[in-house]
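Colleague: Dropping the sequence and predicted coords here.
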Amino acid sequence: MPGTKNIPLQFINLWLTLLLIWLIANGSLASDTVITGVVVSAVIALAFSTFARVYRVIRWSPTVIYHYLVYLAVFFIELIKANLNVMRLVFSPRIDIRPGIVEIKTELKSPMGRLALANSITLTPGTLVVDIKDDSLFIHWINIAATDPVAATEAISARFEKILKVIYG
């Protein structure tokens, strides 16, 4: 079976990711919670590791883990800022927006890195990735602040992309 030599690495990457999500979701390091998380994550990782080839691109190291945590913090802050901005637009007496589609450029080469960037952009209110072609992402932006691809890239994705480069190479 082609690619089976990477199954242990895929299993470990998927297991660690699922375990981290479990621990964050439960918010507890109690022994029963950790043991349950280890077992449940292992069973799911074992069942899906042959299909989850995307986890091969993550090279776990202390630097990657640190940047992953930084990414989560940056994403959370950007999510709050975007929600407040959209709330401000919704509750203003006169909706003064300029919606449209802008092109941004990405330097991420990894498909998983591009997927993470596209999801990060889409999950923050006010932006939605509508297409990806080569190194360009086409974004529907609720209130266009810049039409130049360089300025739009800086405004929309730069804060995510610089961290994702470290995680996904």
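Modeller: Nice, I can see it.
Colleague: CA only for contacts and neighbour counts going forward, please
Modeller: Noted.
Colleague: List the residues that contact the residue nearest to Ala145 when sequence neighbours are not counted.
Modeller: Nearest residue to Ala145, sequence neighbours excluded (CA to CA, 6 or more residues apart in numbering): Ala152, at 7.5 Å. By CA atoms under 8 Å, 6 or more residues apart in numbering, the contact set of Ala152 is Val102, Glu103, Ile104, Ala145, Ala146.
Colleague: buried ones in the host helix or strand of Ala152?
Modeller: In this assignment (DSSP states H and E), Ala152 forms part of helix 149-156. In terms of neighbour count (16 or more other CA atoms under 10 Å), helix 149-156 has its buried residues at Pro149, Ala152, Thr153, Glu154, Ile156.
Colleague: out of those, what pair is the most spread apart?
Modeller: For the buried residues of helix 149-156, the farthest-apart pair by CA to CA is Pro149 and Ile156; their separation is 10.2 Å.
Colleague: Using the record's domain definitions, break the protein down for me.
Modeller: Domain segmentation of the chain under automatic domain parsing yields 4-57, 67-168.
Colleague: which of the contacts of Ala152 tops the neighbour count?
Modeller: Ile104 (23 neighbours; other CA atoms under 10 Å).
Colleague: What's the per-residue pLDDT of it here?
Modeller: With respect to pLDDT, Ile104 has a value of 90.
Colleague: before we move on, the earlier item: could you tell me the least trusted of the domains of the chain?
Modeller: Here the lowest mean pLDDT among the domains of the chain goes to domain 4-57, at a mean of 82.
Colleague: The helix or strand harbouring Arg88 vs helix 149-156, what angle?
Modeller: Arg88 belongs to helix 62-91 when assigned by DSSP H and E. On the basis of axes from the mean of the first three to the mean of the last three CA atoms, to 10 degrees, helix 62-91 is oriented at 90 degrees to helix 149-156.
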